[in-house]
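Student: sequence and predicted model, in that order:
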Amino acid sequence: MSNAGRWGLVALAVAVVVAAFLIARPGDDDSDSGNQAASTSTTETATSPTATAPSAPEPPPDGPTATVIELKGFEPAGGVADIEVKKGDPVRLIVRSDVADEIHVHGYDISRDAAPGKPARFSFPATIEGIFEIESHEAEHAGMEALIGRLVVEPS
Ligand SMILES: [Cu+2]
(Lines give C-alpha, C1' and ligand atoms only; values in the text may rest on other atoms or scores of the structure.)
Protein backbone atom coordinates (compact mmCIF):
# COMPACT_ATOMS: atom_id res chain seq x y z
CA MET A 1 0.00 0.00 0.00
CA SER A 2 2.91 2.28 0.72
CA ASN A 3 4.11 1.72 -2.84
CA ALA A 4 0.75 2.67 -4.17
CA GLY A 5 0.75 5.70 -1.91
CA ARG A 6 4.21 6.70 -3.16
CA TRP A 7 3.15 6.38 -6.76
CA GLY A 8 0.08 8.30 -5.86
CA LEU A 9 2.26 11.09 -4.52
CA VAL A 10 4.42 10.98 -7.62
CA ALA A 11 1.36 11.18 -9.78
CA LEU A 12 0.07 14.05 -7.69
CA ALA A 13 3.44 15.80 -7.94
CA VAL A 14 3.44 15.35 -11.68
CA ALA A 15 -0.09 16.69 -11.84
CA VAL A 16 0.91 19.71 -9.76
CA VAL A 17 3.95 20.37 -11.94
CA VAL A 18 1.84 20.09 -15.08
CA ALA A 19 -0.80 22.33 -13.55
CA ALA A 20 1.84 24.82 -12.45
CA PHE A 21 3.36 24.73 -15.93
CA LEU A 22 -0.03 25.40 -17.49
CA ILE A 23 -0.89 28.11 -14.97
CA ALA A 24 2.54 29.69 -15.36
CA ARG A 25 1.80 30.24 -19.06
CA PRO A 26 -1.71 31.60 -19.03
CA GLY A 27 -0.61 34.38 -21.32
CA ASP A 28 0.40 31.94 -24.02
CA ASP A 29 -2.82 30.05 -23.63
CA ASP A 30 -4.83 33.24 -23.70
CA SER A 31 -3.05 34.60 -26.74
CA ASP A 32 -3.40 31.23 -28.44
CA SER A 33 -7.11 31.08 -27.77
CA GLY A 34 -7.23 34.79 -28.59
CA ASN A 35 -5.62 34.08 -31.94
CA GLN A 36 -7.97 31.20 -32.47
CA ALA A 37 -10.91 33.40 -31.61
CA ALA A 38 -9.53 36.12 -33.84
CA SER A 39 -8.96 33.81 -36.75
CA THR A 40 -12.38 32.29 -36.19
CA SER A 41 -14.01 35.68 -36.22
CA THR A 42 -11.85 36.67 -39.20
CA THR A 43 -13.13 33.59 -40.98
CA GLU A 44 -16.66 34.54 -40.03
CA THR A 45 -16.29 38.14 -41.19
CA ALA A 46 -14.60 36.87 -44.34
CA THR A 47 -17.45 34.44 -44.83
CA SER A 48 -20.16 37.02 -44.29
CA PRO A 49 -19.09 39.36 -47.14
CA THR A 50 -18.61 36.30 -49.34
CA ALA A 51 -22.13 35.23 -48.46
CA THR A 52 -23.50 38.70 -49.22
CA ALA A 53 -21.22 39.23 -52.23
CA PRO A 54 -23.38 37.31 -54.73
CA SER A 55 -26.37 39.53 -53.94
CA ALA A 56 -24.27 42.72 -53.97
CA PRO A 57 -23.78 42.95 -57.78
CA GLU A 58 -27.51 42.48 -58.35
CA PRO A 59 -28.55 46.11 -57.88
CA PRO A 60 -27.73 48.30 -60.90
CA PRO A 61 -24.14 49.64 -60.77
CA ASP A 62 -25.14 53.27 -60.83
CA GLY A 63 -28.21 54.92 -62.22
CA PRO A 64 -30.61 53.18 -64.55
CA THR A 65 -29.56 50.26 -66.67
CA ALA A 66 -29.31 50.86 -70.37
CA THR A 67 -32.16 50.04 -72.71
CA VAL A 68 -31.03 47.61 -75.38
CA ILE A 69 -32.50 47.52 -78.87
CA GLU A 70 -31.51 44.47 -80.87
CA LEU A 71 -31.66 44.89 -84.64
CA LYS A 72 -31.77 42.01 -87.08
CA GLY A 73 -31.79 43.16 -90.67
CA PHE A 74 -32.69 46.67 -89.42
CA GLU A 75 -35.75 45.36 -87.58
CA PRO A 76 -35.96 45.69 -83.79
CA ALA A 77 -36.54 42.44 -81.94
CA GLY A 78 -39.91 42.67 -80.24
CA GLY A 79 -41.00 45.60 -82.40
CA VAL A 80 -40.72 49.34 -81.99
CA ALA A 81 -40.69 50.14 -78.27
CA ASP A 82 -40.98 53.32 -76.27
CA ILE A 83 -38.13 54.31 -73.99
CA GLU A 84 -39.79 56.35 -71.28
CA VAL A 85 -37.86 58.68 -69.03
CA LYS A 86 -38.55 61.78 -66.98
CA LYS A 87 -37.03 65.07 -68.00
CA GLY A 88 -33.61 65.40 -66.40
CA ASP A 89 -33.11 61.65 -66.18
CA PRO A 90 -30.17 60.06 -67.96
CA VAL A 91 -30.92 58.24 -71.21
CA ARG A 92 -28.79 55.16 -71.70
CA LEU A 93 -29.41 53.26 -74.89
CA ILE A 94 -27.50 50.48 -76.58
CA VAL A 95 -28.42 49.48 -80.14
CA ARG A 96 -27.00 46.21 -81.38
CA SER A 97 -27.15 45.48 -85.07
CA ASP A 98 -26.15 42.52 -87.19
CA VAL A 99 -25.26 44.90 -90.00
CA ALA A 100 -23.41 48.21 -90.16
CA ASP A 101 -25.80 51.00 -89.34
CA GLU A 102 -26.12 54.57 -88.18
CA ILE A 103 -28.56 55.12 -85.33
CA HIS A 104 -30.09 58.55 -84.97
CA VAL A 105 -32.00 59.95 -82.00
CA HIS A 106 -34.15 62.76 -83.39
CA GLY A 107 -34.81 65.92 -81.39
CA TYR A 108 -31.56 65.45 -79.54
CA ASP A 109 -29.97 64.90 -82.94
CA ILE A 110 -27.38 62.42 -81.75
CA SER A 111 -26.03 59.82 -84.19
CA ARG A 112 -23.91 56.81 -83.38
CA ASP A 113 -22.49 54.11 -85.63
CA ALA A 114 -23.34 50.49 -85.00
CA ALA A 115 -21.65 47.42 -86.41
CA PRO A 116 -21.77 43.71 -85.66
CA GLY A 117 -20.12 43.32 -82.26
CA LYS A 118 -19.83 47.09 -81.86
CA PRO A 119 -23.19 48.42 -80.68
CA ALA A 120 -24.15 52.07 -80.86
CA ARG A 121 -24.09 53.50 -77.33
CA PHE A 122 -26.00 56.56 -76.26
CA SER A 123 -25.72 58.25 -72.89
CA PHE A 124 -27.13 61.72 -72.47
CA PRO A 125 -29.45 63.64 -70.16
CA ALA A 126 -33.10 63.91 -71.17
CA THR A 127 -33.18 67.69 -71.32
CA ILE A 128 -35.99 68.07 -73.89
CA GLU A 129 -39.58 66.95 -73.26
CA GLY A 130 -41.41 65.22 -76.05
CA ILE A 131 -41.54 62.09 -78.18
CA PHE A 132 -38.53 61.54 -80.39
CA GLU A 133 -37.99 58.96 -83.09
CA ILE A 134 -34.98 56.71 -83.00
CA GLU A 135 -34.05 55.71 -86.52
CA SER A 136 -31.87 53.34 -88.43
CA HIS A 137 -30.51 55.48 -91.24
CA GLU A 138 -29.21 52.49 -93.15
CA ALA A 139 -32.73 51.02 -93.09
CA GLU A 140 -33.95 54.33 -94.45
CA HIS A 141 -31.32 54.24 -97.21
CA ALA A 142 -32.37 50.68 -98.04
CA GLY A 143 -35.98 51.81 -98.40
CA MET A 144 -37.06 50.00 -95.25
CA GLU A 145 -38.83 51.17 -92.13
CA ALA A 146 -36.41 53.48 -90.35
CA LEU A 147 -38.19 53.70 -87.00
CA ILE A 148 -36.63 51.36 -84.43
CA GLY A 149 -37.85 53.02 -81.24
CA ARG A 150 -39.20 56.13 -79.59
CA LEU A 151 -37.71 58.19 -76.83
CA VAL A 152 -40.52 59.51 -74.65
CA VAL A 153 -39.44 62.27 -72.26
CA GLU A 154 -42.13 63.22 -69.77
CA PRO A 155 -42.17 66.25 -67.51
CA SER A 156 -40.35 65.60 -64.28
CU1 LIG B 1 -32.73 60.27 -88.57
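Tutor: Yes, it's here.
Student: residues contacting Leu151?
Tutor: 82-83, 85, 91, 93, 105, 107-108, 126, 131-134 (C-beta atoms under 8 Å, 6 or more residues apart in numbering). From N, CA and C alone the C-beta is placed, and that goes for glycine too.
Student: hmm, try it at 7 Å
Tutor: By C-beta atoms under 7 Å, 6 or more residues apart in numbering, the contact list for Leu151 reads Ile83, Val91, Val105, Phe132, Ile134.
Student: please apply the same query to Gly73.
Tutor: If you count contacts by C-beta under 7 Å, 6+ apart, Gly73 has them with Asp98, Val99.
Student: how about 10 Å then?
Tutor: By C-beta atoms under 10 Å, 6 or more residues apart in numbering, the residues touching Gly73 are Ser97, Asp98, Val99, Ala139, Ala142, Met144.
Student: the third one contacts Asp113, correct?
Tutor: Right, Val99. No: under the criterion of C-beta atoms under 10 Å, Val99 makes no contact with Asp113, lying 11.6 Å away.
Student: what's the overlap in contacts for the two?
Tutor: Glu138.
Student: all strands for the protein, in order.
Tutor: Assigned by DSSP state E, the chain shows strands spanning 67-72, 75-76, 81-86, 90-97, 101-105, 110-114, 120-125, 130-136, 147-154.
Student: that older thread, make CSV from the contacts of Leu151 and add pLDDT, neighbour count and distance to Gly117 to it.
Tutor: Shown next, in CSV, are those (pLDDT from 0 to 100; neighbours: other C-beta atoms under 10 Å; distance: C-beta to C-beta, whole Å):
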residue, pLDDT, neighbour count, distance to Gly117
Ile83, 96, 20, 23
Val91, 96, 21, 23
Val105, 98, 23, 22
Phe132, 98, 22, 27
Ile134, 98, 28, 21
